[in-house]
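Colleague: this one's structure only:
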């Protein structure tokens, strides 16, 4: 991120007032939002190819992140906020396939508390 920020500041200095004033972390060379097609064609797909990974959608990364966090026991409210869902209900409905193991974990925790071990 430090290298990225340094490069971005260099581009901003070079263009001066012509550089976009949106203060974006990831921006085009002129400081404007990155167009999704450019992001895919210039950056994302070449990274997948270099890593010898199958073609994925950016959405697949989002889904994987949510699934991994819920599987690791992260609070669904935190995952919901991270995804930008308007309601935790949407998150729970969408990722309910991850939750059965969470029920087992909750049962085990409660059992330990009740038995004093």
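Modeller: Sure thing, it's come through. Worth saying up front: this structure is predicted, and the values here are computed from it rather than measured.

Colleague: distance between the helix or strand hosting residue 102 and the chain's centre?
Modeller: If you go by DSSP states H and E, residue 102 is part of helix 100-115. On the basis of C-alpha atoms, centre = their mean, to the nearest Å, helix 100-115 sits 29 Å off its chain's mean C-alpha point.

Colleague: switch to numbering from 410
Modeller: With the count now opening at 410, the last piece we talked about shows up as helix 509-524.

Colleague: which strands and helices sit next to it?
Modeller: Counting contacts by 3 or more C-beta pairs under 8 Å, 6 or more residues apart in numbering; DSSP states H and E, helix 509-524 packs against no other helix or strand. Yep, even glycine has a C-beta here, placed from its N, CA and C like the rest.

Colleague: if you count neighbours, what's buried in that helix?
Modeller: By neighbour count on 16 or more other C-beta atoms under 10 Å, the buried set for helix 509-524 is empty.

Colleague: what's in contact with it?
Modeller: By C-beta atoms under 8 Å, 6 or more residues apart in numbering, the list of residues contacting helix 509-524 from outside reads 479-480, 482.

Colleague: need those residues in CSV (columns: neighbour count and secondary structure).
Modeller: Below are the contacts of helix 509-524 laid out as CSV (neighbours: other C-beta atoms under 10 Å; DSSP: H, G, I helix; E, B strand; the rest coil):
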residue, neighbour count, secondary structure
479, 22, helix
480, 14, helix
482, 10, coil
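
Colleague: what strand or helix carries the residue most central in space within the chain?
Modeller: The centroid of the chain falls nearest to residue 471 when counting by C-alpha atoms, centre = their mean (5.2 Å). Following DSSP H and E, one finds residue 471 within helix 467-480.

Colleague: now the helices for this structure?
Modeller: 411-424, 445-447, 454-459, 467-480, 485-492, 497-503, 509-524 (DSSP state H).

Colleague: how about these, which one is nearest residue 436?
Modeller: helix 411-424 (7.0 Å; C-beta to C-beta).

Colleague: quick check: mean pLDDT across the closest one?
Modeller: Helix 411-424 shows a mean pLDDT of 93.
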